[in-house]
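Q: Curious how this folds, go ahead:
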Amino acid sequence: MNYFADNPDIKLALCDYRMPVKDGLEVLKEIRAIGDKNQIGVLMMTSPSENVNGAIFLKNGFIAKPFVKEELICRVNNTIEAMENINQIADFANKDFLTGVYNRRYFYENMNEYVAYAEEHMEPYVVAMLDIDHFKKINSGDKVLKTLAKKLIDETKGDDLIARFGGEEFCVILKNISNEDAVKFFVNLRANIANCKVQLKKEQIGFTVSIGVAFSRSDYRLDELLELADEALYRAKENGRNRVEIA
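A: This is a model prediction of the structure:
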């Protein structure tokens, strides 16, 4: 299992049922503890003489020996294709179609689980609400939204969460970060976005964002932190836009 931990990009495991230390079902159980069938596909080989319930073999994707090479290749391809299709469907359900960042529904599912973890492990996190300034006056708004989303993805790290809450409003969660580092991040992010250009057919246009930031607190629920960040965002708008305000 250490190999899976060191290589998280593995999508398919192929092994025999009868092995010296553990049998295939034991290995399958351990693999499923680190990833479901949509994350890691498993194909195991066995002979008809094995004293195992045939339904278990069928359910868990075992391949009966002897088999021809074409059968194995077909099973591998079908397993990977099925995983890709399921993950694509999940993306459609969890992500905003235009920008590719997560939608509000997925945001709450992910954050409710993460907040419980963060509280248990005393891990700090930061909530920020972003809004594009004067969005209604911007031509080619869809391109601006896509550009902003890509910028947010590029600037954040893998564990962070970005979601489009609707219209030109986005929410960014920075996980496991100090308040000081979070403030530096959003100050730099605002400046980088202000220097960003969107290429249209005949011209380049720029845009700015206003940002409201709230720090995690054990006595505040997620909805309360979002409200604080939203209030800080409103102050950023009132105080001239293209700025960061702290709750």
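
Q: Can you report how many residues neighbour residue 210?
A: 24 (other CB atoms under 10 Å). C-beta here means a position set from N, CA and C on the backbone, and glycine is covered the same way.

Q: Use 717 as the first number from now on
A: Renumbered: residue one is now 717, and that last one reads residue 926.

Q: Surely it and residue 959 touch.
A: Yes: between residue 926 and residue 959 there is a contact at 6.2 Å, judged by CB atoms under 8 Å.

Q: Overlap of the contact sets of those two?
A: residue 952 (CB atoms under 8 Å, 6 or more residues apart in numbering).

Q: any idea of the mean pLDDT for stretch 875-889?
A: Computed over stretch 875-889, the mean pLDDT rounds to 94.

Q: Same check on stretch 732-744?
A: On average, stretch 732-744 scores 78.

Q: now do stretch 909-916
A: On average, stretch 909-916 scores 91.

Q: all helices of this structure, in order?
A: For the chain, the helices defined by DSSP state H occupy 718-722, 740-750, 770-775, 785-810, 820-837, 857-871, 895-910, 938-954.

Q: Run the chain-centre distance for the fourth one.
A: Centre-to-centre, helix 785-810 and its host chain are 20 Å apart (CA atoms, centre = their mean, to the nearest Å).

Q: now the angle between helix 820-837 and it, please.
A: Per axes from the mean of the first three to the mean of the last three CA atoms, to 10 degrees, the angle that helix 785-810 makes with helix 820-837 is 90 degrees.

Q: What residues of helix 785-810 count as buried?
A: Buried residues in helix 785-810, counting neighbours by 16 or more other CB atoms under 10 Å, are found at 791, 795, 799, 810.

Q: possible to save those residues as TSV with pLDDT and distance to residue 779?
A: Below are the buried residues of helix 785-810 laid out as TSV (pLDDT from 0 to 100; distance: CB to CB, whole Å):
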residue	pLDDT	distance to residue 779
791	83	6
795	82	11
799	79	17
810	86	32
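
Q: And the residues you listed, which is closest to residue 910?
A: Relative to residue 910, the closest of the buried residues of helix 785-810 is residue 810; by CB to CB it sits at 29.9 Å.

Q: Run a quick check on that closest one versus residue 824, I expect a contact.
A: No: with contact defined as CB under 8 Å, residue 810 and residue 824 do not form a contacting pair (11.4 Å).

Q: Identify the residue spatially nearest to the most centrally placed residue in the chain, adjacent ones excluded.
A: For the chain, the residue sitting closest to the mean C-alpha position, by CA atoms, centre = their mean, is residue 877 at 6.5 Å. In this structure, residue 877 finds its nearest non-sequential neighbour in residue 889, 4.1 Å apart by CB to CB, 6 or more residues apart in numbering.

Q: The one you found: neighbour count?
A: Around residue 889 there are 24 residues (other CB under 10 Å).
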